[in-house]
Every structure is written in C-alpha cells, then in structure tokens.
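Visitor: Sequence first, then the predicted structure, then my questions.
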Amino acid sequence: MLMDKQLENDGFTLVETMLTLFVVSILLFITIVHIPKFENNHSLDEVQNIKYFLEKKQFDAMRKESLVLVRIDYQTNQITSLDTKDNSREVLKINHCILKEGSLTQFTFNNKGDSSAFGTIYLSCKNKNSKLIFQIQKGRFRIE
C-alpha cells in the first residue's frame with residue numbers, strides 16, 4: 001500500500017509544466033515590453049557631471065578647510081581644480097559639450113564653501129546652450 005502511494009506521486013505532469021512555462025513567458029514578455037528605452041543623451045549627462053564636479057570641489061574646500069582654486073580653460077575644453085592645502089589637482093575633461101568664452105575664467109571656494117565668483121560659464125551641447133551662473137553669496141550656482 002505504501003509502495004503504491006509513492007508510485008502515484010512522481011512529479012509534475014507535462015500539462016502542469018507547460019502551463020507554468022506559459023505563465024512565466026507571458027510575464028517576461030510584459031516585462032520586456034515595458035523596459036524604458038536607453039536614450040543616448042551625453043550632453044545632459046555632461047552638464048550634470050560639471051555640476052557634480054563643482055559641488056565636490058565646494059565640499060572638499062569645506063571638509064579640508066582649505067581654499068580650492070577652479071580654473072576654466074576654454075582652449076583645452078576642461079575645468080581644473082587645485083586644492084591649496086595639499087596641492088592636489090584634478091582635471092575634468094569635457095568631451096560632448098564645448099566651453100564658450102564667458103565672463104568667468106577662474107574662481108575659488110573658501111573653507112566655508114563660499115565662492116569668489118560672480119559670473120557665467122557658457123556651454124554649447126548639441127546646438128543647445130546652457131549656462132552655469134555663479135553668485136557670490138554662499139557659493140551658490142545654478143544651471144539654466
């Protein structure tokens with residue numbers, strides 16, 4: 001009697017397996033259809049990278065309690081920072097946008113995060129112009 005019970009229950013039937021695979025296939029199809037498409041938008045990413053780079057330099061100046069000099073080099077299309085406390089230098093090369101001559105060529109972040117700048121950095125990214133506008137008060141800058 002015990003032997004007969006074991007022989008009767010020997011796994012999933014073919015119909016149950018096919019039904020399970022069918023349900024899983026439907027769920028995968030629905031998921032794949034709704035995956036967002038990747039948009040190759042390097043220019044917006046580059047503007048955000050510039051913003052993050054400048055914010056990092058501002059926070060580094062406050063954290064290390066030092067003066068950080070930021071220089072915008074229009075000829076080489078890059079932004080360079082120099083920490084005056086430990087003489088560390090960092091360069092952000094800009095690949096997908098072009099720095100256009102503007103009113104700002106260099107500025108500093110002091111140990112409180114305030115900037116010595118009042119001016120604008122102009123960027124041209126795929127026929128779209130952006131501006132990084134600096135204000136002296138509390139080292140604030142914004143992107144337009």
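Guide: Nice, I can see it.

Visitor: centre of the chain versus stretch 108-115, how much separation?
Guide: 23 Å (C-alpha atoms, centre = their mean, to the nearest Å).

Visitor: Please apply the same query to stretch 45-60.
Guide: Chain-centre distance of stretch 45-60: 9 Å, with C-alpha atoms, centre = their mean.

Visitor: the helices in this structure, which residues?
Guide: 2-8, 14-33, 42-64 (DSSP state H).

Visitor: Send me the second one as PDB with only the CA atoms.
Guide: Same thing as helix 14-33. Extracted C-alpha coordinates of helix 14-33, given in PDB (Å, rounded to 0.1, in the frame of the first residue of the first chain):
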ATOM      1  CA  LEU A  14       3.500  17.600 -18.700                       C
ATOM      2  CA  VAL A  15       0.400  19.800 -18.700                       C
ATOM      3  CA  GLU A  16       1.400  21.500 -15.400                       C
ATOM      4  CA  THR A  17       4.900  22.100 -16.700                       C
ATOM      5  CA  MET A  18       3.600  23.600 -19.900                       C
ATOM      6  CA  LEU A  19       1.100  25.800 -18.100                       C
ATOM      7  CA  THR A  20       3.900  27.100 -15.800                       C
ATOM      8  CA  LEU A  21       6.200  27.900 -18.700                       C
ATOM      9  CA  PHE A  22       3.300  29.600 -20.500                       C
ATOM     10  CA  VAL A  23       2.600  31.900 -17.500                       C
ATOM     11  CA  VAL A  24       6.300  32.700 -17.000                       C
ATOM     12  CA  SER A  25       6.600  33.500 -20.700                       C
ATOM     13  CA  ILE A  26       3.700  35.900 -20.600                       C
ATOM     14  CA  LEU A  27       5.200  37.700 -17.500                       C
ATOM     15  CA  LEU A  28       8.600  38.000 -19.200                       C
ATOM     16  CA  PHE A  29       7.000  39.400 -22.400                       C
ATOM     17  CA  ILE A  30       5.100  42.000 -20.400                       C
ATOM     18  CA  THR A  31       8.200  43.000 -18.500                       C
ATOM     19  CA  ILE A  32      10.400  43.300 -21.600                       C
ATOM     20  CA  VAL A  33       7.800  45.400 -23.500                       C
END
